[in-house]
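J.: with the input below, show me the fold.
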Amino acid sequence: MNDIVGNVNRRAILKAGAALGGGIVVGGMPLSQAIWAAEGKVLKVRSDGELAKLDPGHWARAVDVDVANCIYSKLIRYKPGSEWAWELEAAEKIEQVDPTHIRFRLKKGIKFTGGYGEMTSKDVKFSFERAKDGPDWGNGALDHVEIEDDYTGVLVFKTPYVPVWSVALPTGGIGHIVSEDAVMKVTKDGGDFGMKQIAFSGPYMVADWKPKQHLLLTRNPEWSGPKPGFDEIRILPIDDEKAAERAYQAGDVDFTRVSLDSLASLKTNTPANTKIEEKPSLWYYWIGMNMDHPKLKDISVRKAIQWAINVPQILDAAYAGHPEVATGTIAPGILGHRAKALVPPEGDLAKAKEFLEKAGVSDLTLSIDCQNDSVNSTIAQTVQAQLSQIGISVEVNSRDSSTFWILGMEKEGEHWKDLQLIVNGFIAAPDPHSFVTWFVQAQVGEWNWERFRSARFDELVAKAITIDDPDARAKLYYEMQDLMEESGAYRFLTNGITPFMYRTTVMEAATLPAGDPLFIDFKPT
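T.: The predicted model follows:
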């Protein structure tokens, strides 16, 4: 965010206003609000970390998708509200012709910025095929896209891919359509264009990006669809939710997720003109173990760690006991959610010590990597204390989000070899496939940081996406989570909840059923 308005330092004004007791008021509103109001309709929001990619086909973080929803277009998109329902976006019409074919027809007149012309079925083909081998497309379930004319095409699958309507097309990053000409110009081979600003087709475009400071989106003058509610969206990356709450109180942001351990006090002492909402989460959090590290190769060592970790204690310490204990990766309410985990939530220290004795290990020293926000740091420190009870010494490595999210990626260097324990968490789509697909063998060195390998698991992941019958499909996901837990490499923590707050004098917020923001649907008040 630009801290200078005119020739006045905004933070100095806020500090001086606070010192006067009641703040400075102009035209019936605090001066900080008056300054922003003079600039037009500005939406100031917080993201929980640094933007990693503008390339939707290679998205890495939830904020990447939040931004992609503003600057690109998909064939279909999820509507805001309390139910998972999609609507047409770039598509004028779309239909499932048979189990392996989906026909679409694009709306005419959707323009790419930068002089790259109108969106055509050629761009859809390019966008989908460049990402088809990834998990969101079923690790190769999509074979190719046939072009019938400039606006019509057919998605052709090798096998039926049931999650296409809940994962690939309406959510995540890979359903977004990019300009083939623009991508080829900057990459030569159609590969990852990272943070390059190429051609946008959504209601907004990137105007300014200062790493670790802000991302500024402004209206796209070539957008011909419904006009979004705000002239600008200013996204501030704030890793720590406590820091985000302070930023909200200071008026630096008007929309943010809140920490679970602050939720009760915020609901009791709600800031003025603020609404707090809670949504069921599609996140899943766990303690992972790098199975390839010499200290963790022995399954008995991993089992000892599993049984020594008391999950309710962690949730009490890190989340003030608000969320429920996870039974696996798959969240409650999603097909495939297990009734209970194989290892009881409280664990068993005596059993943990038995596994260590079986491994013949003593005086074990490990490291645990986590993000440096208060929640993840507390989780790591609690695990540190719990493992000390069975004689394992743990060093906590707290990292900023940009450093943390490359630790297990082989293409980013040798960090993965040093990983031992990991406090991890992913966001999913409302389909069980997106809760398990990141743990196949093909993802080792990408997102499978535990380096978990199971031929049976891979077989089940591939089979489950072809099955329509819910009961039969659910049984496969039960077994997948059993296999993960039996490996000893995972200790499931929670699926969490998503509480957030926003300023009602500024906006009417719009989110998906799990609380993810849809900024293009936010309305000014």
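
J.: phi and psi next, for Glu277.
T.: In terms of degrees, to the nearest 10, the main-chain angles of Glu277 are phi -130, psi 150.

J.: 47 is where my numbering starts, stick with that
T.: Sounds good: first residue 47 from here, last item Glu323.

J.: what pLDDT does it get?
T.: pLDDT, Glu323: 96.

J.: identify the residue nearest it in space, chain neighbours excluded?
T.: Spatial nearest neighbour of Glu323, excluding adjacent residues (C-beta to C-beta, 6 or more residues apart in numbering): Phe546 at 6.0 Å. Placement of C-beta: from N, CA and C, glycine included.

J.: dump the residue contacts of the one you found.
T.: By C-beta atoms under 8 Å, 6 or more residues apart in numbering, the residues touching Phe546 are Phe301, Thr302, Arg303, Val304, Ile322, Glu323, Lys325, Ala555, Thr557, Gly561, Pro563.

J.: and the strands in the stretch 197-346 of the chain, which stretches?
T.: Ranges of strands in the stretch 197-346 of the chain, per DSSP state E, counting those that start in this stretch, are 198-203, 222-223, 250-256, 260-265, 278-283, 301-303, 320-326, 329-335.

J.: I'd like these written out as CSV, with mean neighbour count and distance to Lys154 added.
T.: Formatted as CSV, the strands of the stretch 197-346 of the chain follow (neighbours: other C-beta atoms under 10 Å; distance: least, C-beta to C-beta, whole Å):
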stretch, mean neighbour count, distance to Lys154
strand 198-203, 20, 11
strand 222-223, 27, 14
strand 250-256, 17, 21
strand 260-265, 20, 21
strand 278-283, 22, 27
strand 301-303, 22, 34
strand 320-326, 15, 36
strand 329-335, 24, 39
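
J.: compare the ones you listed and give me the one nearest Gly103.
T.: Nearest of the strands of the stretch 197-346 of the chain to Gly103, taken as C-beta to C-beta: strand 222-223 at 7.7 Å.

J.: give the rounded mean pLDDT of that closest one.
T.: For strand 222-223, the mean per-residue pLDDT is 98.

J.: got a list of contacts for that strand?
T.: Where contact means C-beta under 8 Å, 6+ apart, the residues beyond strand 222-223 that reach it are 102-103, 114, 118-121, 136, 165, 169-170, 173, 247.

J.: so what are the sheet partners of it and their directions?
T.: In the sheet, strand 222-223 lines up against strand 119-120 (antiparallel) (DSSP bridges).

J.: what does the partner strand contact?
T.: Residues contacting strand 119-120 (C-beta under 8 Å, 6+ apart): Glu135, Ala136, Ile156, Met165, Leu215, Pro216, Gly221, His222, Ile223, Ser247, Gly248.

J.: flag the shaky bits of the chain, pLDDT-wise.
T.: 47-86 (pLDDT under 70).

J.: now the longest helix anywhere in the chain against strand 329-335, angle please.
T.: Counting by DSSP state H, the longest helix found in the chain is helix 516-532. If you take axes from the mean of the first three to the mean of the last three C-alpha atoms, to 10 degrees, helix 516-532 sits at 30 degrees to strand 329-335.

J.: just how off-centre is helix 516-532 within its chain?
T.: Mean-position distance between helix 516-532 and its chain equals 23 Å (C-alpha atoms, centre = their mean, to the nearest Å).

J.: who touches the following helix or strand past that helix?
T.: Counting by DSSP states H and E, the next helix or strand C-terminal to helix 516-532 is strand 536-540. Strand 536-540 is contacted by residues 330-335, 351-352, 355, 357, 360-361, 365, 369-375, 387, 389, 425, 496, 498, 530-531 when judged by C-beta under 8 Å, 6+ apart.
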